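Visitor: I'll drop the sequence and a predicted model, then ask my questions.
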Amino acid sequence: MTDPETAAAARLDAIVEAFDGCESFLIQTHNNPDPDSIACAFALRYLVQRYTGHQALIAFGGIVGRSENRAMVRELDIPLTPGSLVDYDAYDFTAVCDTQPGTNHTSFPDGFVPTVVVDHHPQREASAGCNVCIIEPRYGATSTLVAEMLLAKGIPIPTDLATALYFGIRTETQDLSRDTTEADVAAYRALESLVDRRALSRIESERVPRAYFFDLRRALDRATKRDVVVTSEMGRVRVPDMVPEMADFLLRADCLRWSCVSGEYKDTLYVSIRTVDEANDAGKAMMAALPSNGSGGGHPSMAGGQIPLVDLDREERRAVSAAFVQRFLAGAGADAADPEPLILPDE
């Protein structure tokens, strides 16, 4: 049986081998990238430069919405390019980070198959066509996979990259409190001494716009409790990242075990599910609640998805959100419970 360090070194060797003969390199995050996806892409860019001397382009779809994520990109000087500006046919090496082909969660053209996929979600059928497929759904973060490879090969990790990977693991696992393995803990601890603490502090304390509090109030005003489940249909949101952030926030109430939040951004309904019940599985709950035209996935304690809303009017969009929430409630066994506002009026 191969030990973890040997396996991690072999994974990095496979990526480097895939560089052979290539001169143009593209690395893609998932749409509306989070710190985990950004950090993974930043690490692969570092490997491309180290082993080939070429500069890889990091592309993303959607927006970098959350204030902390924008601060991460700024403080660590991570170069990102909108996917809408990319000619994907111009690159002979492509990689995708923290997602996979077939998930509808990247701006890749339809049918595009990347050279390398690095992800910590369950493997999708389309990933089998990639030259190198590094997928470990047990891990709490994709950043762990990449950090583990660098550490196994003894490759020096620059301060900015170490900070990015550390922040990626930190946010994805909620500081090692969610869906965490021994590998996540080991990578996190190994990176601690390499982190730029001042930059990390500036990232985590980044100020938010006033509009943030409008979205926060809307999530709270629309939060409805049924037994140990809370749902909130936010309607239009300022940035897609508000949906998972509010799902995390609402679950902090000590009377709750599940949270489900939906919100519209442009022509997509974003949905997030969270649970603190170890006997449940948010990823399975998400897949059961999504309609046939939706996409998503997740882990035991957290999951996300998207449902297209193109060509739907206001009432039809509301109906799509309501139907998703109802399917989730039925799966959680809370559809028959009497609803009440999460925030009760003063007595």
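Guide: Received it, and whenever you're ready, just let me know what you need.
Visitor: residue ranges for the helices of the protein, please.
Guide: Shown for the chain, the helices assigned by DSSP state H span residues 4-18, 35-52, 67-75, 142-152, 159-172, 182-192, 197-204, 210-221, 242-250, 282-289, 314-332.
Visitor: and the longest one, C-alpha only, in PDB?
Guide: In PDB, the C-alpha atoms belonging to helix 314-332 read as follows (Å, rounded to 0.1, in the frame of the first residue of the first chain):
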ATOM      1  CA  ARG A 314     -40.300  37.200 -11.800                       C
ATOM      2  CA  GLU A 315     -43.000  34.900 -10.700                       C
ATOM      3  CA  GLU A 316     -41.500  31.900 -12.500                       C
ATOM      4  CA  ARG A 317     -38.100  32.600 -10.800                       C
ATOM      5  CA  ARG A 318     -39.800  32.700  -7.400                       C
ATOM      6  CA  ALA A 319     -41.500  29.400  -8.200                       C
ATOM      7  CA  VAL A 320     -38.200  27.700  -9.100                       C
ATOM      8  CA  SER A 321     -36.700  28.800  -5.700                       C
ATOM      9  CA  ALA A 322     -39.800  27.800  -3.800                       C
ATOM     10  CA  ALA A 323     -39.800  24.300  -5.500                       C
ATOM     11  CA  PHE A 324     -36.200  23.700  -4.600                       C
ATOM     12  CA  VAL A 325     -36.700  24.700  -1.000                       C
ATOM     13  CA  GLN A 326     -39.800  22.500  -0.800                       C
ATOM     14  CA  ARG A 327     -37.900  19.500  -2.100                       C
ATOM     15  CA  PHE A 328     -35.100  20.100   0.400                       C
ATOM     16  CA  LEU A 329     -37.600  20.400   3.300                       C
ATOM     17  CA  ALA A 330     -39.200  17.100   2.200                       C
ATOM     18  CA  GLY A 331     -35.800  15.400   2.200                       C
ATOM     19  CA  ALA A 332     -34.900  16.800   5.600                       C
END
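Visitor: Where do the domain boundaries of this protein fall?
Guide: 4-204, 213-341 (automatic domain parsing).
Visitor: out of the helices of the chain, deepest packed?
Guide: Ranked by mean neighbour count, these are led by helix 142-152 with a mean of 27 (mean count of other CB atoms under 10 Å). All C-beta spots, glycine's among them, are computed from the backbone N, C-alpha and C.
Visitor: what helices or strands is that helix leaning on?
Guide: Other helices and strands packing on helix 142-152, by 3 or more CB pairs under 8 Å, 6 or more residues apart in numbering; DSSP states H and E, are helix 4-18, helix 35-52, strand 116-119, helix 159-172, helix 182-192.
Visitor: Let me have the ones you listed in CSV, extended by distance to T103 and mean pLDDT.
Guide: Putting the helices and strands packed on helix 142-152 into CSV (distance: least, CB to CB, whole Å; pLDDT from 0 to 100) gives the following:
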stretch, distance to T103, mean pLDDT
helix 4-18, 21, 95
helix 35-52, 12, 98
strand 116-119, 9, 98
helix 159-172, 17, 98
helix 182-192, 22, 97
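Visitor: Redo those as CSV? Include distance to W258.
Guide: Shown next, in CSV, are those (distance: least, CB to CB, whole Å):
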stretch, distance to W258
helix 4-18, 33
helix 35-52, 23
strand 116-119, 25
helix 159-172, 20
helix 182-192, 24
